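Colleague: Next input, structure requested:
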Amino acid sequence: MSESPAELPDDIISLESWDESINMMIVAESGWGKTRLAGTADQRKKNGPKALFLATERGTISAARAGSTADMWQIKKWSDLTKAFNYLNNGGCREYQWCLLDSVTEMQKLSMDNALYVGVMAGKKGADADVPQIQDHLKVQQQTLNMIRRFNDLPINCLYTALPLRLDDENSNPYFLPALDGKQGGIAQQAMGYMHVVGHGIKRNIKQGDDKQVMVRRVYFQTAGPYRAKDRYGVLGNFIDNPTIPQIEELINKDKASRPIIEIHEGLPQNKKSDESKPDIHDANVVEPAALPAATAAGDQTEEF
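Modeller: Okay, here's the model as predicted:
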């Protein structure tokens, strides 16, 4: 007599039904056009995706001048970032399809500003408003990674911009990672590991058919020389010149059903379309916990990194 098959746990799902958001990072020097590229994600005028900038820098004006219709939330301190996350976590992801974090390099600096302020206000021994201690660095490194993981787990596409950090390998050959402080590039490599796509932008002069030189904004999606990059989808090729986010998104979503992508971070919810299993995160060292927008219900969940 054969036994009936065991009922599958609810946590087991079909790969065909898996729907995961895009997590992408663009690394390039200041002035390359990271913000301008990010701004192309908003296509509301064509009844397409809507994008929200979480902007730490004034450079967002470059996206506006290039015609971007994205909305902007100015992030001036770490608690602003917490407030923005909680808005998205409590319904904002139904309003927007892209969250543009510009830039994660500056956001890490806001985390350090917060850590130094907390230390001084708490009267910690040796605390200085300008000089971090070892524990401040450790706090900021982990807080930065926690922030990235929390945003990645939202049911919304996330695009991070970052400046490049030059390092040298054991043979003194230079290579570039995202400019995230910590563990001699270890924090930057972990952040890259959380992404489906890491593009490295450079400017190149190429010849046209008439032999005239023209400058292009090239994004490498595979490691080329010193430029570290990756494409977990395997659809973006080695590089794209003058790309737009809709162009990248179209390539990623083409034949999506036959290319399921799974990336599970230990300790985090595995289904990005469900908010029910999100852990409560509380960090007493985040100062000035900001109130949620008025449109958010009083009983909604709040988290701090």
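Colleague: pull the longest strand from this structure.
Modeller: Secondary structure of the chain per DSSP state E: the longest strand is strand 197-207.
Colleague: Now tell me what touches the helix or strand where Thr161 lies from outside.
Modeller: Taking DSSP states H and E as the definition, Thr161 sits inside strand 157-162. Outside strand 157-162, the residues that touch it by C-beta atoms under 8 Å, 6 or more residues apart in numbering are 21-28, 34-35, 38, 41, 49, 97-105, 148, 151-152, 178-180, 195, 245, 249. For the C-beta atoms, the positions are set from N, CA and C on the backbone; glycine is no exception.
Colleague: Show me what counts as buried in the strand or helix carrying Arg149.
Modeller: If you go by DSSP H and E, Arg149 is part of helix 134-152. For helix 134-152, a neighbour-count test (16 or more other C-beta atoms under 10 Å) marks 136-137, 139-141, 143-152 as buried.
Colleague: Tell me which other helices or strands the longest strand of the chain touches.
Modeller: Under the contact criterion of 3 or more C-beta pairs under 8 Å, 6 or more residues apart in numbering; DSSP states H and E, strand 197-207 touches strand 23-27, strand 213-220, strand 230-231.
Colleague: Point out the most buried one among the ones you listed.
Modeller: strand 23-27 (a mean of 27; mean count of other C-beta atoms under 10 Å).
Colleague: ok, back up a step: make TSV from the helices and strands packed on strand 197-207 and add distance to Val120 to it.
Modeller: Shown next, in TSV, are the helices and strands packed on strand 197-207 (distance: least, C-beta to C-beta, whole Å):
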stretch	distance to Val120
strand 23-27	32
strand 213-220	41
strand 230-231	40
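Colleague: Per-residue pLDDT of the closest residue to Thr40 other than its chain neighbours, please?
Modeller: Closest residue in space to Thr40, ignoring its immediate chain neighbours: Thr244 at 4.2 Å, by C-beta to C-beta, 6 or more residues apart in numbering. Thr244 carries a pLDDT value of 97.
Colleague: mind checking how far Thr244 is from Gly67?
Modeller: Thr244 is 11 Å from Gly67, where distance means C-beta to C-beta, to the nearest Å.
Colleague: Which one's more surrounded, the two?
Modeller: Thr244 (15 against 11; other C-beta atoms under 10 Å).
Colleague: from memory Lys230 sits against Gln222, does it?
Modeller: Yes - Lys230 is within contact range of Gln222, at 7.4 Å (criterion: C-beta atoms under 8 Å).
Colleague: Using JSON lines, lay out the helices and strands packed on strand 197-207 together with distance to Thr60 and mean pLDDT.
Modeller: Output for the helices and strands packed on strand 197-207, formatted as JSON lines (distance: least, C-beta to C-beta, whole Å; pLDDT from 0 to 100):
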{"stretch": "strand 23-27", "distance to Thr60": "15", "mean pLDDT": "97"}
{"stretch": "strand 213-220", "distance to Thr60": "18", "mean pLDDT": "95"}
{"stretch": "strand 230-231", "distance to Thr60": "26", "mean pLDDT": "97"}
